[in-house]
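any chance you can model this:
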Amino acid sequence: MFLKLLKRRAPVKAPVSPAIPDGTVVWSIGDIHGRLDLLHPLVDAIQADLDATVADRKVVVFLGDYVDRGQDSRGVIQFLAGLTADRGIEWRFLRGNHEQAMLDFLEDPAEGAKWCEYGGDATLQSYGLRVPQLKHKLEAWAHLSADLAHRVTPAEKQFLENLELSFAVGDYFFAHAGARPGEALDRQSADDLMWIRRSFLDSEIEFDKIVVHGHTPTAEVHMDHRRIGIDTKAYESGVLSALRLSGSGRALIQSAEGARGIVRLPDLTPSSALEIAV
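Residues are numbered from 1 along each chain as shown. Below is the predicted model:
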């Protein structure tokens with residue numbers, strides 16, 4: 001029994017050369033946070049790449065946190081909800097903690113003050129609403145929740161409610177925040193997939209797949225033997241990042257605002273990095 005227990009708890013090693021299955025190309029986009037201005041050109045560039053790519057399966061994974069902090073959360077939701085598979089692209093949308101917070105507020109007005117502490121006020125503004133002056137009054141939040149529910153269209157609500165918690169393909173596992181070390185990827189809790197931070201980031205325990213995530217912003221894309229973090233704090237930095245995976249190759253593109261214009265990124269593997277002007 002003791003030997004079996006040791007075996008069950010032994011760390012799982014990620015593949016030495018992680019890869020995407022032959023005939024498949026996967027793009028993943030980091031936290032958007034209301035930056036529709038950065039999202040549009042990035043998606044255009046990805047679609048152009050996939051149109052020019054011969055593959056049996058073409059996948060684009062959005063890692064969540066579409067709303068809050070940036071100025072056009074509603075525009076981002078509407079844009080993503082309107083993406084269709086008519087170009088042979090499989091769109092996968094993951095749920096971030098900010099989408100969960102928005103849904104929580106629609107169900108329970110008492111969650112409003114907490115949501116607005118980390119960016120929910122920007123989402124309300126994108127719907128033509130504002131934080132109540134009497135923030136301590138639950139009745140005021142109840143009215144605001146009802147007003148937001150009235151303005152969220154059925155298509156927008158359906159999009160938010162149908163977001164996935166994770167997605168896996170080949171040797172890669174995609175989740176908004178990460179995964180709990182020591183727990184099998186197919187047994188992760190919703191809270192960990194959307195909220196985990198330091199216990200995931202600081203651990204050296206490997207999973208059986210490389211975890212691609214957002215949630216924790218960094219100035220540059222982070223990449224090591226167990227995880228790839230592509231949240232570059234778009235709402236503040238003005239840089240939105242995307243990762244391309246094909247075979248064992250990896251490449252990055254970023255859309256950037258203002259004078260930075262074209263962003264060139266070095267090759268991560270034999271795959272070529274792309275560039276995009278905004």
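
give the buried residues for the helix or strand hosting residue 50.
Residue 50 belongs to helix 36-51 when assigned by DSSP states H and E. Neighbour counts over helix 36-51 (16 or more other C-beta atoms under 10 Å) mark 36, 37, 38, 39, 41, 42, 43, 45, 46, 47, 49, 50 as buried. Glycine gets a C-beta too; all of them are placed from N, C-alpha and C.

return the closest of these with respect to residue 244.
Distance to residue 244 across those (C-beta to C-beta) is lowest for residue 49, with 7.3 Å.

could you say what helices and strands the helix holding residue 50 packs with?
If you count contacts as 3 or more C-beta pairs under 8 Å, 6 or more residues apart in numbering; DSSP states H and E, helix 36-51 packs onto strand 24-29, strand 57-62, helix 73-81, strand 239-246, strand 249-256, strand 275-276.

need the buried residues of helix 36-51 in TSV (columns: distance to residue 67).
What follows is the buried residues of helix 36-51, written out as TSV (distance: C-beta to C-beta, whole Å):
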residue	distance to residue 67
36	11
37	15
38	14
39	12
41	20
42	17
43	17
45	23
46	21
47	23
49	26
50	26
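
just flag the most distant two among these.
The distance between the two most remote of these (C-beta to C-beta) is 21.8 Å, for 37 and 50.

center of the chain - which residue?
Nearest residue to the geometric centre of the chain (C-alpha atoms, centre = their mean): residue 63, 1.7 Å.

distance of that residue from residue 155?
As for residue 63, its distance to residue 155 is 21 Å (criterion: C-beta to C-beta, to the nearest Å).

would you map the strands across the stretch 151-278 of the chain?
166-169, 172-175, 210-213, 222-223, 227-229, 239-246, 249-256, 263-264, 275-276 (DSSP state E, counting those that start in this stretch).

would JSON lines of those with mean pLDDT be doable?
As requested, the strands of the stretch 151-278 of the chain are exported to JSON lines (pLDDT from 0 to 100):
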{"stretch": "strand 166-169", "mean pLDDT": "98"}
{"stretch": "strand 172-175", "mean pLDDT": "98"}
{"stretch": "strand 210-213", "mean pLDDT": "98"}
{"stretch": "strand 222-223", "mean pLDDT": "96"}
{"stretch": "strand 227-229", "mean pLDDT": "98"}
{"stretch": "strand 239-246", "mean pLDDT": "96"}
{"stretch": "strand 249-256", "mean pLDDT": "94"}
{"stretch": "strand 263-264", "mean pLDDT": "50"}
{"stretch": "strand 275-276", "mean pLDDT": "40"}
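
how about residue 121: what's its closest non-neighbour residue?
Nearest non-adjacent residue to residue 121, counting by C-beta to C-beta, 6 or more residues apart in numbering: residue 131, 5.0 Å away.

residues in contact with the one you found?
For residue 131, the contact set (C-beta atoms under 8 Å, 6 or more residues apart in numbering) comprises 116, 121, 124, 144.

show me what contacts the residue nearest to the centre of the chain?
Residues in contact with residue 63 (C-beta under 8 Å, 6+ apart) are 28-31, 94, 96, 174-176, 212-215, 230-231.

residue 119 too?
33, 67, 68, 69, 98, 235 are the contacts of residue 119 under C-beta under 8 Å, 6+ apart.

pretty sure the second one is in a helix, no?
What it means is residue 67. No. Residue 67 is assigned coil when assessed by DSSP: H, G, I helix; E, B strand; the rest coil, not a helix.

poorly predicted segments of the stretch 51-200 of the chain, please.
Scanning the stretch 51-200 of the chain for pLDDT under 70 picks out the ranges 134.

now the helices for it?
In the stretch 51-200 of the chain, the helices defined using DSSP state H, counting those that start in this stretch lie at 73-81, 97-107, 112-117, 120-126, 138-151, 154-161, 190-195, 198-201.

and of these, who's closest to residue 169?
The nearest among those, by C-beta to C-beta, is helix 190-195 at 16.2 Å.

how far off centre is the closest one?
Relative to its chain's centre, helix 190-195 lies at 12 Å (C-alpha atoms, centre = their mean, to the nearest Å).

touching that helix from outside, list them.
Outside helix 190-195, the residues touching it (C-beta under 8 Å, 6+ apart) are 64, 95-97, 100, 165-166, 175-180, 183, 200, 215.
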